[in-house]
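Colleague: Turn this into a model:
(chains A and B)
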Amino acid sequence: MAEVILKGVSKVYEGNVHAIKDISLEIADREFLVLVGPSGCGKSTLLRMIAGLEDITSGEIQIDGHTVNQLPPKDRDISMVFQNYALYPHMTVYDNMAFGLRIRHFPKDEIDNRVQEASRILGIEKLLSRKPKALSGGQRQRVALGRAIVRKPKVFLFDEPLSNLDAKLRVHMRTEIKKLHQRLKTTMIYVTHDQVEAMTMGDRIAVVKDGILQQHDTPMNLYNNPVNIFVAGFIGSPAMNFLEGKIEDKKVVFGGISMDIPPGVRTDGISDVIVGIRPEYFILNDVSPHFTAQIEVVEPMGNEIFVYFQLGKKSVVARIPADTKVRPGDALPLRINVGMVKLFDPESKVSLSC
Amino acid sequence: MRRRGISKLKLVAIYIFLILFTAATLYPVVRVFSISLRPGNRLLSTSLRIIPDGATFEAYRRLFTETDFLRWMLNSLIVSLAVTLTGVIFASAAGYIFSKYRFIGKKVGLTALLTTQMFPATMLLLPMYIMISKLGLINSYLGLIVVYLATVLPFCIWQMKGYYDTIPDSLHEAAIIDGCSHFQAFYKVILPLAAPALVITALFSFMGSWSEYIVAAVILQDQSMFTLPLGLKMFQANMSTDWGLYAAGSVIVSIPVVVLFIILSKWLVSGLTLGSVKG
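Modeller: Residues are numbered from 1 along each chain as shown, chains lettered A, B, ... in the order given. Below you'll find the predicted structure:
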């Protein structure tokens, strides 16, 4: 049980490469925080800095009230699950899980109890005598989780632990890890580049780009109130549609559509804007549509349909109900949920919402 | 059973090729073995029979009872085992540092090690002799061990480094997080995985010193300190060579290396890291 506090943490590599730029973040006790961002954004580096596997250039990292900048990883009371599992290939599953406890000179009985308990939780009791090479990807991942939980650390760190699993197993393990969090009630920091994982798993999500923390908030707040175009575009699948628009006579004009300015948006002295519309903000409406879309591509997903069409000169995607009868070439009357539309400053890319 | 994709003609050609090479490799060994069994009056016979008429172990008996062969063997064992042990220890540690750690002079160090391999051993003989002489190590096992180590270490370090490069960093990091010191992570997790490379390093170090002649001839002067190759050479006199003893000695000398190969062959198969990380 511990909170993790990052204060102005930076990492500069040789050649003045700034991997992490002045990140401050407070992760509450028992919180599940997801660090998300595109490849190379510095999220893994940040996690490794918390783990103690990378030095920090400046700033301070606290775990459970103690500054750990100078502490080696073994003294930080953390466990880490690696992307490639990092199981010790010459040891059995039991030995892999017991290794950390043996190194720390735990009594034999205590080690056995903890390994048995963890293997029960993860459903790997029958695999204890096997070597990692005799396990499937999912089983290896469970063993890696088991190795992390037997130590009962203050903080769990996950570095893209599901990226090597196939799609079905990934969804399954996602739920397992979430359940594990609810059961263990320990602080967890989870790195992923997959925004779906981030949305579904995190109590809070911290979005990182180019080593800079863009926004950290609950999944729904991030989704509904992104602070800039990057966050708006990164969170959500399919991604938010962005269109160039203008403010004219207290109206937003874009792609031949003129609509009211969404509530809570400041547009004083602003003429150009980027209009952000999520696919579900388009609503089928043949009574008072904003426009009629000429559908180019139809993607039935089973529970919903994605339709692609041109708005202005941009290709745009809308999410419509699964029972809609639509084929490429059809004309669909669509209305935009104005209250949900986001406006961004084209220069700073920042949201204009108050 | 015919393998898919290989025509019968090709298969025959491959077998002929392999048989020829095996024969070429085995012929000298069989010949030496055959000579070692010949009675004293038939040493220069041109017969191609593997087991000669009147085959006898007389040469072997004389080797062990009438010469210092056992003494030389002991000397060779002392030197070779010392070189193997220290070589493996130094190469496994140095290779790991060169593979996994960042430090000033890493590139220069590696290149310098490689450069030493570019000079033929005979070219280094004189400077080495002078150095060993100044250190007062002429005619000592230590002098010989130092030179052998200096010769085999660069190759062994590169070899170990190359193998460590294939072991994912995350294994070391996982061990560190599990509570290991850097050294514990090295010998409890990484070293067992490097067994195939360690075996090759050990074999290379052992064979390099077991069969070496020139350096030993320069450094060792006292006949009681001779290693096997020097001792064997003594059977070869100016006027007459005792081919029986020479052949018997050669057979005995090659036995430890063959035995080592057989014992260690299962370790020579690498791939121990299979399954530790994603497939």
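
Colleague: quick one: pLDDT of whatever residue of chain A ends up closest to chain B?
Modeller: For chain A, the residue closest to chain B is A:Lys133, as judged by CB to the nearest CB, at 2.6 Å. The C-beta positions use only the backbone N, C-alpha and C, and glycine is treated the same way. Per-residue confidence (pLDDT) for A:Lys133: 92.

Colleague: Report the separation between it and A:Gly37.
Modeller: According to CB to CB, to the nearest Å, A:Lys133 and A:Gly37 sit 33 Å apart.

Colleague: neighbour count winner among these two?
Modeller: Higher neighbour count among A:Lys133 and A:Gly37: A:Gly37, with 27 against 15, using other CB atoms under 10 Å in any protein chain shown.

Colleague: need the contact list for B:Ala185.
Modeller: B:His172, B:Ala175, B:Ile176 (CB atoms under 8 Å, 6 or more residues apart in numbering or on different chains).

Colleague: Three-state assignment for the nearest residue to it once chain neighbours are set aside, please.
Modeller: Distances taken as CB to CB, 6 or more residues apart in numbering or on different chains place B:Ala175 nearest to B:Ala185, at 3.7 Å, with adjacent residues excluded. In three-state terms, and counting by DSSP: H, G, I helix; E, B strand; the rest coil, B:Ala175 is helix.

Colleague: What is the neighbour count of B:Ala175?
Modeller: So B:Ala175, with other CB under 10 Å, has 25 neighbours.

Colleague: Please apply the same query to A:Met80.
Modeller: A:Met80: 29 neighbours (other CB under 10 Å).

Colleague: just checking, next helix/strand downstream of whichever strand or helix holds it?
Modeller: Element membership for A:Met80, per DSSP states H and E: strand A:78-81. Later in the chain than strand A:78-81, the nearest helix or strand by DSSP H and E is helix A:93-103.

Colleague: does the residue in the stretch 1-150 of chain B that chain A sits nearest to count as helix, strand or coil?
Modeller: Residue nearest to chain A within the stretch 1-150 of chain B (CB to the nearest CB): B:Arg102, separated by 8.8 Å. Under three-state DSSP, B:Arg102 falls in the coil class.

Colleague: low-confidence ranges in chain A?
Modeller: A:1 (pLDDT under 70).

Colleague: Report all helices and strands that the top helix by length along it contacts.
Modeller: Looking across chain A with DSSP state H, the single longest helix is helix A:167-184. The contact analysis (3 or more CB pairs under 8 Å, 6 or more residues apart in numbering or on different chains; DSSP states H and E) places helix A:167-184 against helix A:108-122, helix A:137-149, helix A:195-201.

Colleague: Mean neighbour count, the ones you listed: which tops it?
Modeller: Of these, the one with the most neighbours on average (mean count of other CB atoms under 10 Å in any protein chain shown) is helix A:137-149, at a mean of 24.

Colleague: quick one: contacts of the helix or strand just after it?
Modeller: Following helix A:137-149 in sequence order, the next helix or strand is strand A:155-159 (DSSP H and E). Identification of contacts with strand A:155-159 by CB under 8 Å, 6+ apart yields A:2, A:4, A:44, A:47-48, A:50-51, A:63, A:76-83, A:148-149, A:177, A:184, A:186-191.

Colleague: nearest spatial neighbour of residue 47, skipping sequence neighbours?
Modeller: Reading this off chain A. Counting by CB to CB, 6+ apart, the residue nearest A:Leu47 is A:Val191, at 4.9 Å.

Colleague: sorry, should have said chain B
Modeller: Per CB to CB, 6+ apart, closest to B:Ser47 is B:Asp53, 7.7 Å.

Colleague: helix/strand/coil for that neighbour?
Modeller: B:Asp53 - assigned by three-state DSSP - is coil.

Colleague: Need the per-residue pLDDT for it.
Modeller: On the pLDDT scale, B:Asp53 gets 77.

Colleague: try B:Phe261
Modeller: pLDDT, read off for B:Phe261, is 80.

Colleague: Who are the contact partners of B:Ala82?
Modeller: So B:Ala82 contacts B:Tyr141, B:Ile145 (CB under 8 Å, 6+ apart).

Colleague: what about it, helix or strand, and which?
Modeller: If you go by DSSP H and E, B:Ala82 is part of helix B:69-100.

Colleague: Downstream of that helix, the next helix or strand is which one?
Modeller: helix B:106-116.

Colleague: Just the angle for that following helix relative to helix B:69-100, thanks.
Modeller: Relative orientation of helix B:106-116 and helix B:69-100, computed by axes from the mean of the first three to the mean of the last three CA atoms, to 10 degrees: 150 degrees.

Colleague: which other helices and strands contact helix B:106-116?
Modeller: Short answer (3+ CB pairs under 8 Å, 6+ apart): helix B:106-116 packs on helix B:69-100, helix B:141-165.

Colleague: in the helix or strand that comes right after it, what's buried?
Modeller: Downstream of helix B:106-116, the next assigned helix or strand under DSSP H and E is helix B:121-134. Residues B:Leu124, B:Leu125, B:Met128, B:Tyr129, B:Ile132 are the ones in helix B:121-134 that count as buried (16 or more other CB atoms under 10 Å in any protein chain shown).

Colleague: can you put these in a markdown table and add pLDDT and distance to chain A?
Modeller: Shown next, in a markdown table, are the buried residues of helix B:121-134 (pLDDT from 0 to 100; distance: CB to the nearest CB, whole Å):
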| residue | pLDDT | distance to chain A |
| --- | --- | --- |
| B:Leu124 | 84 | 36 |
| B:Leu125 | 87 | 42 |
| B:Met128 | 88 | 39 |
| B:Tyr129 | 90 | 43 |
| B:Ile132 | 92 | 41 |
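
Colleague: Looking at those residues, spot the one nearest A:Lys108.
Modeller: B:Ile132 (52.5 Å; CB to CB).

Colleague: For the closest residue to that closest one other than its chain neighbours, which residues are in contact?
Modeller: Nearest residue to B:Ile132, sequence neighbours excluded (CB to CB, 6+ apart): B:Gly143, at 4.5 Å. By CB under 8 Å, 6+ apart, B:Gly143 lies in contact with B:Ile132, B:Leu135, B:Leu137, B:Ile219.

Colleague: So which bits of the stretch 201-350 of chain A are right by chain B?
Modeller: Not one residue of the stretch 201-350 of chain A sits near chain B, judged by CB under 8 Å from any CB of the partner chain.

Colleague: where along the stretch 201-350 of chain A do the helices fall?
Modeller: A:219-224, A:229-234 (DSSP state H, counting those that start in this stretch).

Colleague: Buried residues of the first one, list them for me.
Modeller: Read it as helix A:219-224. A:Pro219, A:Leu222, A:Tyr223.

Colleague: before we move on, what about stretch A:281-288?
Modeller: A:Tyr281, A:Phe282, A:Ile283, A:Leu284.

Colleague: Just want the phi and psi numbers for the nearest residue to A:Gly42 once chain neighbours are set aside.
Modeller: For A:Gly42, ignoring the flanking residues on the chain, the nearest one in space by CB to CB, 6+ apart is A:Gly211 at 3.9 Å. A:Gly211 adopts backbone torsions of phi 80, psi 0, taken as degrees, to the nearest 10.

Colleague: Can you give me the neighbour number for the residue nearest to A:Lys185 when sequence neighbours are not counted?
Modeller: Spatial nearest neighbour of A:Lys185, excluding adjacent residues (CB to CB, 6+ apart): A:Arg30 at 5.1 Å. If you count neighbours by other CB under 10 Å, A:Arg30 ends up with 16.

Colleague: got it, and A:Ile5?
Modeller: When neighbours are counted by other CB under 10 Å, A:Ile5 comes out with 18.

Colleague: circling back to that earlier point, how many residues are close by the residue nearest to A:Leu47?
Modeller: 26.
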